[in-house]
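J.: got a sequence here, can you model it:
(chains A and B)
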Protein chains: 2
Amino acid sequence: MSDFTAVGQPRPIIDGKAKITGTAQYVPDLQLPRMLHARLVPSSYAHANILGIDTSDALAVPGVVAVLTHNDLPDIVPNSRSNLLLARGRVMFVGQPVAMVLATSETAAADGAERVMVEYEPLPVAITVEEALASDAPLVWPNGIPKGSGDAGEHGADVGGGEVTHEGEKATNIAQEGFYKRGDVAAGFAAADVIVERTYTSPMVHQSSLETHGIIAQPDPISGGMALWSSTQDPFGSRKEVAGVLGIPESLVRVKGAVIGGGFGAKFTLYDPLVAVAARAVGRPVRLALTRSEELMATNPAPPIRVDLKIGAKNDGTLTAIQAHVFVDAGCYPMSIAKFVGFQLGSYYPVANLDIQAIEALTFKQSTGAYRAPGAPTAFFALDTAIDEIAEKLDLDPIEVRLKNAARPGDLLADGDPWPGMGMRETLQRVQAHPLWKNRDQARAEGHGVGVAIGGWMGGTSPAAAVCNVNRDGMVQIHVGAMDISGSTTGFTLLAAEAFGVSPDKIQIVASDTENSPFATGTGGSKMTYTTGVAVVKAAEEARRQVLAIAAEEFEAAVEDLEIVDGNVQVRGTPTKSIPLGEIAGQGMKFDSDYPPVFAHGRTVITDQSPGFCAQLIEVDVDQETGEVKVLHHVTVQDVGRAINPMAVEGQMMGGSTQGLGWALYEKMTYDEDGQLLTGSWMDYAVPDSMQVAPKFEAIIVEVPSEHGPFGARGVGEPPVTPTAAAVANAIAHATGVRMTDLPMTAPTVLRTLHGQNGQS
Amino acid sequence: MSDFTAVGQPRPIIDGKAKITGTAQYVPDLQLPRMLHARLVPSSYAHANILGIDTSDALAVPGVVAVLTHNDLPDIVPNSRSNLLLARGRVMFVGQPVAMVLATSETAAADGAERVMVEYEPLPVAITVEEALASDAPLVWPNGIPKGSGDAGEHGADVGGGEVTHEGEKATNIAQEGFYKRGDVAAGFAAADVIVERTYTSPMVHQSSLETHGIIAQPDPISGGMALWSSTQDPFGSRKEVAGVLGIPESLVRVKGAVIGGGFGAKFTLYDPLVAVAARAVGRPVRLALTRSEELMATNPAPPIRVDLKIGAKNDGTLTAIQAHVFVDAGCYPMSIAKFVGFQLGSYYPVANLDIQAIEALTFKQSTGAYRAPGAPTAFFALDTAIDEIAEKLDLDPIEVRLKNAARPGDLLADGDPWPGMGMRETLQRVQAHPLWKNRDQARAEGHGVGVAIGGWMGGTSPAAAVCNVNRDGMVQIHVGAMDISGSTTGFTLLAAEAFGVSPDKIQIVASDTENSPFATGTGGSKMTYTTGVAVVKAAEEARRQVLAIAAEEFEAAVEDLEIVDGNVQVRGTPTKSIPLGEIAGQGMKFDSDYPPVFAHGRTVITDQSPGFCAQLIEVDVDQETGEVKVLHHVTVQDVGRAINPMAVEGQMMGGSTQGLGWALYEKMTYDEDGQLLTGSWMDYAVPDSMQVAPKFEAIIVEVPSEHGPFGARGVGEPPVTPTAAAVANAIAHATGVRMTDLPMTAPTVLRTLHGQNGQS
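T.: Numbering: from 1, shown residues only, chains lettered A, B, ... in the order given. Below you'll find the model as predicted:
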């Protein structure tokens, strides 16, 4: 199928063994001399003035060394959630850190935190987006909304589009407002033979990594600098924010991305600055490892989103118009995702007539953030159930209707730019050929059906650098700054092996910290292999050239006549003239060397996106008496451009699809009208377990090569979570005839819808 | 004087503050979870069979976790001192580690070590070189002498020359034998008008770093690899040796060169392999920090050397012949330095008739090793007091006689190769012009005189690599693998600042470990600035080019029209068009960058030596009643090619000169006839203190640029220790008329010589 020797070979994740055996050292496993343990005192109110903080009881707890409040920290304008630090006078959400107790043990810190007495003056709240947009709503930021950290951009969700400005207008809770318009939607709907118009909602959903956020900060008394160990997706981003809060140059901050137990977008910079200022305040190393409750209360989950969507189509299935209103409830800080939700609604099925408005509002809840393909599960839940319903109403094949309307490279995106090369149609065609789809009508029965949906992700871009050197033992070392959250290290191994021409066993990836490693952007947006992978390939190719140049001198042969076979450099056709790679490299590692060390770098920037698409087929049984939905068969088809490590790609596809099932059927963070989180533990918040995934799961890889990624690779991580909710909803419709519009589709919700009690069916 | 803006500017040592304030973390300051403390059980005999080791009492000590003997360690042929590990059946020197006690505290380990009972069967010994060369001498290595670690080569002391082989002959204690011959010495002496013939000796001298050797080894249970923190001059060398002893690829070993409290040649790899195998044996981190007594007993001090020297000269001072026999007492392992001592005797004053023989013998004492300019203080003590005596006998000016005979570039070295470019004559001419020299005859009085001598060092060579990147804060980071033992980091700062065109304050040197840093050879041979410095310059120049290329695009200007001024890139002559360097670099560190990161490397090899010379003037008072020598004025003149950091250069000159005074007047490790060290503490072994250096010290820099070093720099570290002993001896001769031939010239020795009791005067 290909001439590759390493790329495309399934390879177990390199760090798997350390994680499975418990020898991997996560942040809570690390110990530093004189280190203090931190516990946060969370706000009990969603909105209140702080009248006083009494720390005396807490300080009396044995082992408690200090109780920090905002008075002990720099007075910084908290223009992003990560530099909110400790509450200063006012709280904006339940769980907001008000004080930090530092103690010589975790338990002492916890005891101390319970004894910090905070006196509050409760204030009125706006908890839902509707409340937040009311004209008399209490304002989250009466003096102006901060710009936000904008990590959506990191994910490839940073898009153009019109923007309404409000200069001179009175303060509101509106954090972002934008629109995408073209043509004439009124005319478009007038020309339509069928229209679907519905309101779709998705709740606040938590990334739910197995490991909570963990950070250690260690001050350097001489330089005034700070070293951090952080379970972060973005060490270089953390470095920047920590330096900003400390008011010191970035170069004095060193961030080591620790072993990470799941990121999914939640582990961009959040508590690193707080821990750093705390460490500086006490002049000792400080560790904060969140409890699960803190994790659920205050770590930037996915925002609740409402989409009012109207789609019109001709009898042949051709779409005539799309109109949408998007409402994102970002919590207390802007997430800057509303426009991107609208962008997606207007891009995947290009139409001549488009009118999309998107509003992001702030509420008195925790801030929200990136979660695997931010905004996309909701966008596709709306878009791809609506198009499914169009097909149903027109009695057309749902995949044919999608193929008729699906974007092609060069078609217009919502913002008027052209679609880059991508495989949306190839992905749809692959599911179309699947037996589960072909036999769906035969398989259909009362309460039993098969649904399809497609999703995708535009993909991130970024600059990257990598280093390659060769050791005396023949190992080819690759140095990258990229945080591995889900297998990129193993992918880099295969890329470097392919580029250098050695076995993957001879590749060693070194990812250190912001001081030692080449720069990389945060790991998000399905872009690490896509961007840093290119730098890895360039570095390996250059190091290979250096090795061959040394060998050519040693052999007195032309470089063109040399080859690398089984870790030896040899003269083509003369296997007796052969030197082990390590020996060649060793020629540059001696006191009396005639050659410099083998040492190369790759330096790249990718400025073009390579969107990745994922289609899923889902077969369900719907219990008509309980509303329970059972997923029986789950087929995930994904265009990955080139599967560098098919084993990791399939793992991503299964993982993303499973998280998609969480969106579809189980997960919802619920707040009461006062802004109290009702689902503050994993007893209340339901993440799918192994009994809830489909007993039959298939991952099918499609390869429409990208022009930019290494060996044609596209981003893999995000697409598989995007179509699942829509596919499940479409399967339920196929099985029952009712259309679900609210996530998650829990048994009670399905039952109510079956009974026509949701007002939309 | 020069167009440099950074090079040549005095700059305090960057790490000075951390060291002065006690915040620098040396190996004994580091703590790892579950770490055990090691204490060695030293051999009580210089030569004995081990009949048994009883560890039961030691194991009963609370806190003692394990007592390791050779049975617990890999059975490795100990072909170098660093892989001797624990004694296997036989001991070869007093202090040789026989067992290692591992405990949860230092004190428990020490208690345990005292309770390990070793039963010995004493064997005959040979302690002096004369005993070792006797025909019936007991053999240190009855089955063949190991090749040795040869770290002399690292210092630039690796030279050619004839070698006598002994194939098929019976085993001896002779580790190295070589000769340098040309012309006809008999004829040369026959043609001489004056001949000086003497035997010169120098004792075993210890490097006496303030910090003893310290190592921590931490095993990785998953990979089978090992991480080490070591107070080493040579992390990459340690990595190689540790990997060899563990039997694993080098790439699984990571060595971090810890903060080092003095190296001086003693801290090449010594105990790292032992600590690593111990850590593997117990599966826990192990730390060994030597006591001062262990340090003196078993850490490769400088070898005792005897030189029988005969020099002939014409009445005009022209040398006619040099004949020498060199005897090096290397202790129990070859040091491979004897030939180099002979090489020096035959090179600095080239003569037509040369006959030099050098023998290195093994004795039942600790192995010896490199100490600042290995072999050179003794070689110059012999050569430059003999030539001084020639001048005295001929009533010629001693410096004129030296200038008449001193080597010029292109003259023959002892091995027949030509001298590279160097400034021996310029250095001599500079001391000649000094008032202390010009007025020496007026100043001369009974017991008061001024002596001169010259010394030098051939200088090391090596391959090197360095990386340069630029951070968003405008800091230019330089990454090197070089261990900084005496200021190279500060020198690299100036080199990079000069090459990049920014202030030294904007340079940050990152030296990490063998896994993260570009390769560097060990720091020795006065070659770090000389070799890695070139890689630093290349990396900085390349990064500068990258920055200018980005700026050119941003400004839409030609690169040639850009300049870097005060940390800003600007269009020449248009100061309004100016962007901070960090902002340019930041262009390549964003999600949506149009540019790759600024990231460059330098990769070099220097294969040519650039010898450095040092001449010293010393004014002394000799107390004729006690023999005490007081140094009153000490002038050190050194050709450093280019003083990158004059402050550090002067520090090196003062430090080396002071260690030279130790050689001259104070330091001697004494063994009794059974091989027991009689000077096992700093109460018995005299290192010069601040009261013993000259109250008046001058460092005068000469700059005869090297063709190879960065901006013309030559090696600086070693030369200043080389002439001191000869200069002191010549000053004593000037003051008293007697010639000293044995180091150190302690008061009793001087008194005996004044009384004609040394048989040579």
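
J.: need the strands for the stretch 651-761 of chain A, in chain order.
T.: A:696-702 (DSSP state E, counting those that start in this stretch).

J.: the nearest residue in space to A:Cys614 that is not next to it in sequence and A:Ile359, how far apart?
T.: Spatial nearest neighbour of A:Cys614, chain neighbours left out: A:Pro719 (3.7 Å); criterion: CB to CB, 6 or more residues apart in numbering or on different chains. For the C-beta atoms, the positions are set from N, CA and C on the backbone; glycine is no exception. Per CB to CB, to the nearest Å, A:Pro719 is found 26 Å from A:Ile359.

J.: who's more crowded, those two?
T.: Set A:Pro719 next to A:Ile359 and count neighbours by other CB atoms under 10 Å in any protein chain shown: A:Pro719 wins out with 32 against 24.

J.: surely that one meets A:Gln616?
T.: No: judged on CB atoms under 8 Å, A:Pro719 makes no contact with A:Gln616 at a distance of 10.0 Å.

J.: which neighbours do the two share?
T.: A:Gly455 (CB atoms under 8 Å, 6 or more residues apart in numbering or on different chains).

J.: helices along the stretch 451-600 of chain A, start to end?
T.: Secondary structure of the stretch 451-600 of chain A by DSSP state H, counting those that start in this stretch: the helices cover A:488-500, A:533-555, A:581-586.

J.: contact partners of the last one?
T.: Outside of helix A:581-586, the residues within contact range by CB under 8 Å, 6+ apart are A:469-476, A:502, A:506, A:547, A:550-551, A:554, A:564, A:567-569, A:597-598.

J.: and the gap between the residue of the stretch 101-250 of chain A found nearest chain B and B:His479?
T.: Chain B sits closest to A:Pro249 of the stretch 101-250 of chain A, with a gap of 3.8 Å, by CB to the nearest CB. The gap separating A:Pro249 from B:His479 is 17 Å, by CB to CB.

J.: please enumerate the helices of the stretch 151-300 of chain A.
T.: Along the stretch 151-300 of chain A, counting by DSSP H, counting those that start in this stretch, helices occupy A:185-191, A:235-246, A:272-282, A:292-297.

J.: strands of the stretch 51-200 of chain A, start to end?
T.: Under the criterion DSSP E, counting those that start in this stretch, the stretch 51-200 of chain A contains strands at A:64-68, A:90-91, A:97-103, A:117-122, A:162-163, A:174-182, A:194-202.

J.: for chain A, what helix or strand is lowest in average pLDDT?
T.: Using mean pLDDT, DSSP states H and E, strand A:162-163 stands out as the lowest-scoring helix or strand of chain A, at a mean of 56.

J.: show me the shaky parts of the stretch 51-200 of chain A.
T.: Low-confidence segments of the stretch 51-200 of chain A (pLDDT under 70): A:148-169.

J.: at 80 instead, please
T.: Residue ranges of the stretch 51-200 of chain A with pLDDT under 80: A:147-169.

J.: which of the strands of the stretch 51-200 of chain A sits most buried?
T.: Highest mean neighbour count of those: strand A:97-103, a mean of 26 (counted as mean count of other CB atoms under 10 Å in any protein chain shown).

J.: now tell me what touches it from outside.
T.: Applying CB under 8 Å, 6+ apart, the contact partners of strand A:97-103 are A:36-43, A:50, A:53, A:55, A:58, A:61, A:63-69, A:84-87, A:91, A:109-113, A:116, A:118, A:274, A:278, A:282, A:286, A:288, A:298.

J.: pull out the buried positions in stretch A:558-573.
T.: Residues of stretch A:558-573 classed as buried: A:562, A:564, A:567-571 (neighbour count, 16 or more other CB atoms under 10 Å in any protein chain shown).

J.: pretty sure A:Leu751 sits against A:Thr626.
T.: Yes: A:Leu751 lies in contact with A:Thr626 (CB under 8 Å); the separation is 6.6 Å.

J.: neighbour count winner among these two?
T.: A side-by-side neighbour count of A:Leu751 and A:Thr626, using other CB under 10 Å, places A:Leu751 first with 17 against 11.

J.: which ones are touching the closest residue to the more buried one other than its chain neighbours?
T.: The spatial neighbour of A:Leu751 that comes closest, neighbours along the chain excluded (CB to CB, 6+ apart), is A:Gly627 at 3.1 Å. By CB under 8 Å, 6+ apart, A:Gly627 lies in contact with A:746-754.

J.: contacts only, for A:Leu436.
T.: Contacts for A:Leu436 (CB under 8 Å, 6+ apart) come out as A:443, A:450, A:617, A:619, A:633, A:635.

J.: try 10 Å this time
T.: By CB atoms under 10 Å, 6 or more residues apart in numbering or on different chains, the contact set of A:Leu436 is A:443, A:450, A:452, A:617-619, A:632-635, A:696, A:698.

J.: hang on, the earlier thing: filter the contacts of helix A:581-586 down to the buried ones, ChimeraX style.
T.: The buried subset of these, as determined by 16+ other CB under 10 Å, is captured in ChimeraX by this line:
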select /A:469,470,471,472,473,474,475,476,502,506,547,550,551,554,564,567,568,569,597,598
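
J.: of the contacts of helix A:581-586, list those near chain B.
T.: Near chain B, judged by CB under 10 Å from any CB of the partner chain, the entries from the contacts of helix A:581-586 are A:469-476, A:506, A:597-598.

J.: no more questions from me, cheers.
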